[in-house]
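> turn this into a structure:
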Amino acid sequence: MNKLSILTLTALLLAPLEAAPSNDYVDAGVGSVDITPTESVMLAGSPAQLKSSSVSTRLYVRALVLSAGGLKVAVVTLDTLKYPVEHVVRARRQIEKTTGIPASNVIICASHTHRGPLWSYYKDQLVTPIAEAVTIAARDLTPCRFGTVKGKAEGVSECRRVIKNGNAWNRWQLNPLERDKYPAEGPADSEFDVLALTGKDGRYKAVVYNFACHAANTRALVISADFPGDVQQYVQKHLGYEVPTLFLTGACGDVNPVYNVSRELLGEKLGGEILRCLGRLEPIAKPSLAIESREIQMPGREHPELKEAEIARNWPGQLEHYKKSFNDMKKREKTSYPFFFTGIRIGEDFAIVTNPDELFCGIGISIKKESPFKHTMVAEQTNGAHGYVPTLKAFEGGSYETWFGEHSYLTTRAGEIIEKESLDILNRLKNTK
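The predicted structure follows:
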């Protein structure tokens with residue numbers, strides 16, 4: 001964005017809103033708790049032992065609480081790689097105890113940043129800061145208007161899996177000269193939805209967005225919220241005041257930032273598009289609130305086997321790691337796993353539906369396409385962390401997202417089950433008055 005367009009856009013964003021009927025407002029509150037380590041830490045997201053040298057962007061727990069018609073829901077975003085279901089259960093229970101918001105009405109979404117510590121680094125596995133952020137938000141309730149719009153950020157994300165000689169490879173497993181030589185196995189999703197909350201003073205109270213791309217663009221040995229942290233800084237800089245931007249991780253199990261796109265460009269391009277979205281919001285009239293939560297038992301992997309030859313071909317340096325991962329998972333293997341879904345509807349045309357995985361992008365696109373809502377956010381890594389959920393086509397191609405172990409242990413039908421359950425939730429919400 002050039003200087004003139006930024007000034008023009010900023011003037012538009014700061015322009016006072018027209019008066020709205022009282023039933024166009026819903027009570028909303030926000031809360032943030034800084035969870036940035038004060039010392040050097042081991043960085044999650046890599047099989048190698050990597051240690052941070054400094055802080056690039058700070059890590060936060062952010063919470064948005066909505067209240068309407070006697071119903072309260074909490075949306076929590078968490079700057080960490082993943083957050084397992086057993087800790088989600090504890091955090092939701094603590095939130096219910098301290099705020100009265102039912103545990104089933106809370107979603108906790110990990111950003112999947114690869115440049116922060118795991119939950120295990122923190123004193124009580126992040127339960128206290130999560131509950132504190134929601135408590136702050138619940139005490140901050142003020143009337144807000146809602147607006148939503150679709151954005152598009154092209155050229156910054158790509159399917160990281162390509163097909164070489166009939167087999168799937170991750171681009172980073174190939175020689176750099178080969179990375180763009182072979183066809184991508186699946187799609188990337190450049191389209192995303194934005195939800196903005198505006199107070200009666202005309203200032204934005206919070207911005208929620210959902211983008212399908214791994215938060216893995218920061219390659220330096222630093223503590224960083226990755227591109228969601230850069231987006232937060234970019235949006236606040238051009239608005240001229242602090243506005244929490246809550247990032248809901250989109251279906252990006254097989255989507256990474258384009259390797260040669262700089263961290264700064266990704267943050268600027270996505271942040272700039274969010275600013276443009278704020279300039280053309282579609283108001284949500286009479287924004288009623290509804291929620292649907294359910295728990296199922298997701299089957300485990302059928303006939304797991306160690307793909308030794310495939311690992312030796314694609315990632316020989318990690319063969320021993322994956323042998324150990326296979327054996328460790330076999331010891332912990334269950335026939336099924338507790339699996340949470342949640343759907344939240346705001347008004348007639350906006351909904352969020354969640355799942356606790358690294359869902360392959362094509363499945364997320366299909367859910368959005370078949371959704372009865374004009375605006376649908378598909379949020380993965382939410383209320384649990386059950387590893388990769390590839391498509392059936394991806395299981396045929398192989399590669400590490402499909403190898404049985406800590407990060408891949410659910411049934412090969414998990415994607416089909418998630419799509420079916422997600423669409424059922426969305427259709428029920430659409431028909432809820």
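
> what residues are up against Arg313?
Counting by C-beta atoms under 8 Å, 6 or more residues apart in numbering, Arg313 makes contact with Asn167. Yep, even glycine has a C-beta here, placed from its N, CA and C like the rest.

> tell me which element it is part of?
helix 308-314 (DSSP states H and E).

> what's downstream of that helix, the next helix or strand?
helix 319-332.

> next helix or strand past that next one?
strand 336-346.

> can I get that next one as CSV, trimmed to CA atoms?
Extracted in CSV, the C-alpha atoms of strand 336-346 (Å, rounded to 0.1, in the frame of the first residue of the first chain):
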residue,chain,number,x,y,z
SER,A,336,-10.9,-43.8,19.6
TYR,A,337,-10.2,-40.3,20.9
PRO,A,338,-12.5,-37.6,22.5
PHE,A,339,-13.0,-35.0,19.8
PHE,A,340,-14.7,-31.6,20.2
PHE,A,341,-16.6,-29.6,17.6
THR,A,342,-18.2,-26.2,18.1
GLY,A,343,-20.2,-23.9,15.9
ILE,A,344,-21.0,-20.3,16.7
ARG,A,345,-23.5,-18.2,14.7
ILE,A,346,-23.7,-14.4,14.8
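
> give the next helix or strand downstream of it.
In N-to-C order, the element after strand 336-346 by DSSP H and E is strand 350-354.

> who does the helix or strand just after that following strand touch, helix- and strand-wise?
Scanning forward in sequence from strand 350-354 by DSSP H and E, the next helix or strand is strand 358-359. For strand 358-359, the packing partners by 3 or more C-beta pairs under 8 Å, 6 or more residues apart in numbering; DSSP states H and E come out as strand 388-389.

> and the next helix or strand after the strand it packs on, how far out from the chain's middle?
Later in the chain than strand 388-389, the nearest helix or strand by DSSP H and E is helix 392-397. Chain-centre distance of helix 392-397: 23 Å, with C-alpha atoms, centre = their mean, to the nearest Å.

> now swap in stretch 146-165 and tell me
From the chain centre to the centre of stretch 146-165 is a distance of 14 Å (C-alpha atoms, centre = their mean).

> in it, what's buried?
Neighbour-count burial for stretch 146-165, counted by 16 or more other C-beta atoms under 10 Å, picks out 146-149, 151, 153, 156-162.

> before we move on, what about stretch 367-378?
So, applying 16+ other C-beta under 10 Å, buried residues of stretch 367-378: Ile367, Lys368, Ser371, Phe373, His375, Thr376, Met377, Val378.

> so what's the third one up against?
It refers to Ser371. Ala351, Val353, Leu423, Leu426.

> most neighbours among those, which one?
Greatest neighbour count in those, by other C-beta atoms under 10 Å, goes to Val353: 29 neighbours.

> what about stretch 148-162, average pLDDT?
For stretch 148-162, mean pLDDT rounds to 97.

> pull it out as PDB, backbone CA atoms only.
C-alpha atoms of stretch 148-162 as PDB (Å, rounded to 0.1, in the frame of the first residue of the first chain):
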ATOM      1  CA  THR A 148     -18.100  -8.900   8.200                       C
ATOM      2  CA  VAL A 149     -16.600  -9.200   4.700                       C
ATOM      3  CA  LYS A 150     -14.400 -11.500   2.600                       C
ATOM      4  CA  GLY A 151     -10.800 -10.700   1.900                       C
ATOM      5  CA  LYS A 152      -8.200 -12.200  -0.400                       C
ATOM      6  CA  ALA A 153      -4.400 -12.500   0.100                       C
ATOM      7  CA  GLU A 154      -2.900 -14.100  -3.000                       C
ATOM      8  CA  GLY A 155       0.700 -15.200  -3.600                       C
ATOM      9  CA  VAL A 156       1.700 -15.700   0.100                       C
ATOM     10  CA  SER A 157       0.600 -19.300   0.700                       C
ATOM     11  CA  GLU A 158       0.900 -22.600  -1.200                       C
ATOM     12  CA  CYS A 159       0.200 -26.300  -0.900                       C
ATOM     13  CA  ARG A 160       3.500 -27.500   0.500                       C
ATOM     14  CA  ARG A 161       3.000 -31.100  -0.900                       C
ATOM     15  CA  VAL A 162       4.000 -31.800  -4.500                       C
END
